[in-house]
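[1] Generate coordinates for the sequence data below:
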Amino acid sequence: MAKKTKKLHFRFGDKHIDYIRRCRENTYNIAEGAVRAGKTIDNVFAFATELEYAPDKIHLASGSTAAIAKLNIGDCNGFGLEYQYRGRCRWGKFKGNECLYLKTATGEKVVIFAGAGKADSYKRIRGNSYGMWIATEVNLHHDSFIKEAFNRTAAANRRKFFWDLNPSNPGAAIYKDYIDLYREKADKGELPGGCNYQLFTLTDNITISEQRRKEIIAQYDPHSVWYRRDILGQRSVADGLCFQQFADDPKRLLTDRPDYDFVQIGVDFGGNKSAHAFVATGIKRGWGITYLMSRRIEAKGVTPEQLYQHYADFAAACRAKYPGQYAYTYADSAEQTLIAGMASRFPGIRNSIKNPIIDRIRATNSLVAQGRLHYTADCQTLVDAMCTAVWDSKKLEDVRLDDGTSDIDTLDAAEYSWERYLYQLVKTGGTK
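    Next comes the predicted model:
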């Protein structure tokens, strides 16, 4: 009896169809543009089609983390590889890496999923030779991983690359060293295999309704770098204030009736030229966050014992004014000695997760834009910090300036207090 199959129903616009067709003839296939423009789905469809008759057995799929690679390429909102090969695939392990085993028209293929965002990520893909490589958010890949992936595909029988990315800083290395270089060489006929590049905008995805498009746009500060990149599809330099929309009118987010389900505290440890910072945050499941109280203490001359007493006083003041369930305190994981000292004196002390700073800034801006971030009158140091934080204009990467001219310590403490829920808050609109 034949196995039941399920058709995937997805509508492609003309620009997407043309891009996918060009993938057949080109070695380098690069889809850049706005969020929800359909870039990743295009590459997954093209990659899945090539896998059916690819002469190589092992292939590579990567994201900034392995989890992102599995989510964007494996799942892809119901259109990923595991759905393209429904009934013909299984998840497993290959030499310690998570992978998808696929039954194709030309035998079993293995797609290894790997994280690429860290300096040592390349070590995870050593030892294998790969045929094709599909990468999501390639601008967030570390350069050492990109170089290693190219080396690992050098002996492929059918060498192909499928990259997607949201626009980044126009001076970023991903353009200078790879994408724009390949396009220039291809135009001159100097790139073997050719380069298939396409820029997509939100309106190019014909599966998104006008109502949904408005909902996506509403998640962004129209004055932010993220709006220019993710909505307009423009390469743009991060400049000016990190939290422009907040700084324009902070009072609109001030509340004297905080609504939260539980409270977490973030702690950043300072050095001789910075400060210790404490921030308590009320978290509302399925909604957002409210900063309840912040405090900043100059670190110079403060002993560990004095620091612990400052924390105890801060926590006690919070509990007295904002009662309820207090979950955990997340402290700067770079200072293990101080954390060990706190943990020996107080319950619930944990290491900060330290999500990338750029992700924390993006999440904060999204919450502000949607009115899902509030604060009380006990957060003046945090308000000052958010109103003065700026981008480092001297860097090609998106970096928050940290030269002592603004209060980065309080921002770090604030972000440590809720970053465990960062991706849930941004992707689903809540913490559920």
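
[2] Name the residues of stretch 149-168 that are buried.
    Across stretch 149-168, burial judged by 16 or more other Cβ atoms under 10 Å covers 149, 152-153, 156, 159-168. To be clear about C-beta, it is placed using only N, CA and C from the backbone, and glycine gets the same treatment.

[3] The residues you listed in helices, which ones?
    Using DSSP state H, the subset of the buried residues of stretch 149-168 located in helices is 149, 152.

[4] A413 touches G270, doesn't it?
    No: using Cβ atoms under 8 Å, A413 is not in contact with G270, being 10.0 Å away.

[5] With neighbour numbers in mind, choose between those two.
    The residue with more neighbours, out of A413 and G270, is A413; 33 against 22, by other Cβ atoms under 10 Å.

[6] List the contacts of that one.
    Taking Cβ atoms under 8 Å, 6 or more residues apart in numbering, we find A413 in contact with 266-268, 277-279, 294.

[7] Present those residues as TSV; the columns should include pLDDT and secondary structure.
    Putting the contacts of A413 into TSV (pLDDT from 0 to 100; DSSP: H, G, I helix; E, B strand; the rest coil) gives the following:
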residue	pLDDT	secondary structure
G266	98	strand
V267	97	strand
D268	96	strand
A277	97	strand
F278	98	strand
V279	98	strand
S294	98	strand
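
[8] now, which of these sits nearest L382?
    Nearest to L382 among these: S294, at 3.9 Å, using Cβ to Cβ.

[9] Can you read off the pLDDT for the residue lying closest to K284 once chain neighbours are set aside?
    With Cβ to Cβ, 6 or more residues apart in numbering as the criterion, K284 has its nearest non-adjacent residue at 5.1 Å, and that residue is Y260. Listed pLDDT for Y260 reads 97.

[10] With V399 instead?
    Reported pLDDT for V399: 87.

[11] That one: what's it in contact with?
    Per Cβ under 8 Å, 6+ apart, neighbours of V399: 357, 391-392.

[12] Helices - which of these land there?
    Short answer: those in helices (DSSP H) are I357.

[13] which one of the contacts of V399 is nearest K118?
    Of the contacts of V399, the one sitting nearest to K118 (Cβ to Cβ) turns out to be I357, at 14.5 Å.

[14] Compute the number of surrounding residues for that closest one.
    Around I357 there are 17 residues (other Cβ under 10 Å).

[15] mind exporting the helix or strand harbouring Y311 as CSV, just the C-alpha atoms?
    Using DSSP states H and E, Y311 sits in helix 304-321. C-alpha atoms of helix 304-321 as CSV (Å, rounded to 0.1, in the frame of the first residue of the first chain):
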residue,chain,number,x,y,z
PRO,A,304,32.5,42.2,47.9
GLU,A,305,30.9,42.2,51.3
GLN,A,306,29.6,45.7,50.8
LEU,A,307,28.3,44.7,47.3
TYR,A,308,26.4,41.8,48.8
GLN,A,309,24.8,44.1,51.4
HIS,A,310,23.8,46.6,48.6
TYR,A,311,22.1,43.7,46.8
ALA,A,312,20.3,42.6,50.0
ASP,A,313,19.1,46.1,50.6
PHE,A,314,17.9,46.4,47.0
ALA,A,315,16.1,43.1,47.0
ALA,A,316,14.4,43.9,50.3
ALA,A,317,13.2,47.3,49.0
CYS,A,318,11.8,45.7,45.9
ARG,A,319,9.9,43.0,47.9
ALA,A,320,8.5,45.6,50.3
LYS,A,321,7.2,47.9,47.5
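
[16] and it, what does it pack onto?
    Helix 304-321 sits against strand 262-268, strand 275-284, strand 288-298, strand 326-331, helix 336-343, with contacts defined as 3 or more Cβ pairs under 8 Å, 6 or more residues apart in numbering; DSSP states H and E.

[17] Show me which parts of that helix are buried, residue by residue.
    Those would be 307-308, 310-311, 314-315, 318, for helix 304-321 by 16+ other Cβ under 10 Å.

[18] Y330: which of the contacts of V399 is nearest?
    The shortest gap between Y330 and any of the contacts of V399 belongs to I357, at 14.9 Å (Cβ to Cβ).

[19] so which of the helices and strands packed on helix 304-321 comes closest to A377?
    strand 288-298 (9.6 Å).

[20] So in that sheet, which strands flank the closest one, and in what orientation?
    strand 275-284 (antiparallel), strand 373-375 (parallel) (DSSP bridges).

[21] possible to save these as JSON lines with mean neighbour count and distance to G189?
    Formatted as JSON lines, those follow (neighbours: other Cβ atoms under 10 Å; distance: least, Cβ to Cβ, whole Å):
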{"stretch": "strand 275-284", "mean neighbour count": "26", "distance to G189": "57"}
{"stretch": "strand 373-375", "mean neighbour count": "24", "distance to G189": "52"}
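
[22] Please identify which of these is closest to W418.
    Nearest to W418, of all those, is strand 275-284, at 5.1 Å by Cβ to Cβ.
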